[in-house]
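>>> Return atomic coordinates for the entry below.
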Amino acid sequence: MSDEHASMATKLDLLFEYITHPDGKRLTYDDVTRLGGVDRASISRMRTGKKLEPAFQTMVGFATAFGVPLSYFATPMDEEEVRDFLTAYASDHDESVLTRLEKQEQTKAEREAQAIAMRAAQLDDEGRQAVAAMIDYVLKSQGINLTLEEEA
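Numbers count the residues shown, from 1 in each chain. Have a look, this model is predicted:
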């Protein structure tokens, strides 16, 4: 055990090393962006040590993306302790990254549908009928035929 605490950059690098997809592939910057909302530039600056004091929301994003507790970043540990923690954490962690990505994509579609419905609610009758006709047209072009009874 070393007296030197692991830097944020080291802790982040080790997350990329230890927390992987079920097939063993490492998470990409795009994965971290989708799962935690952290932009690619911030990820890069953190990993290279160019950004030493990240915003709280950035740390929350990293914790969310990798599925680790936020305290992971605040707890003083040397590199060996970080590796030990991540080895145990990765082996005990039930929910895979792939599962979290799938859930997020599902909720993204739901959020988009709700946003469309909220905007459509602001239209008058003629506008709502026009939007409904457009949606029906797109559904039909995709081979999906719904009647009003099926939608309810």
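>>> quick one, phi/psi of the residue most central in space within the chain?
Nearest to the geometric centre of the chain sits residue 35, at 0.7 Å (Cα atoms, centre = their mean). Backbone dihedrals for residue 35, given as degrees, to the nearest 10, come out at phi -80, psi -40.
>>> unless I'm mixing things up, it is touching residue 65, no?
Yes - using Cβ atoms under 8 Å, residue 35 is in contact with residue 65, at 3.9 Å. Where C-beta positions appear, they are placed from N, C-alpha and C, glycine not excepted.
>>> one step back: how near is the residue nearest to the centre of the chain to residue 29?
As for residue 35, its distance to residue 29 is 11 Å (criterion: Cβ to Cβ, to the nearest Å).
>>> cool, residue 127 as well?
Taking Cβ to Cβ as the measure, residue 127 falls 41 Å from residue 29.
>>> neighbour-wise, which of the two wins?
Using other Cβ atoms under 10 Å as the criterion, residue 127 and residue 29 rank with residue 29 on top: 16 against 12.
>>> Can you tell me how far the more buried one is from residue 112?
Taking Cβ to Cβ, one finds residue 29 at 23 Å from residue 112.
>>> Tell me which helix or strand residue 59 sits in.
Remark: residue 59 resides in helix 56-66, with elements defined by DSSP states H and E.
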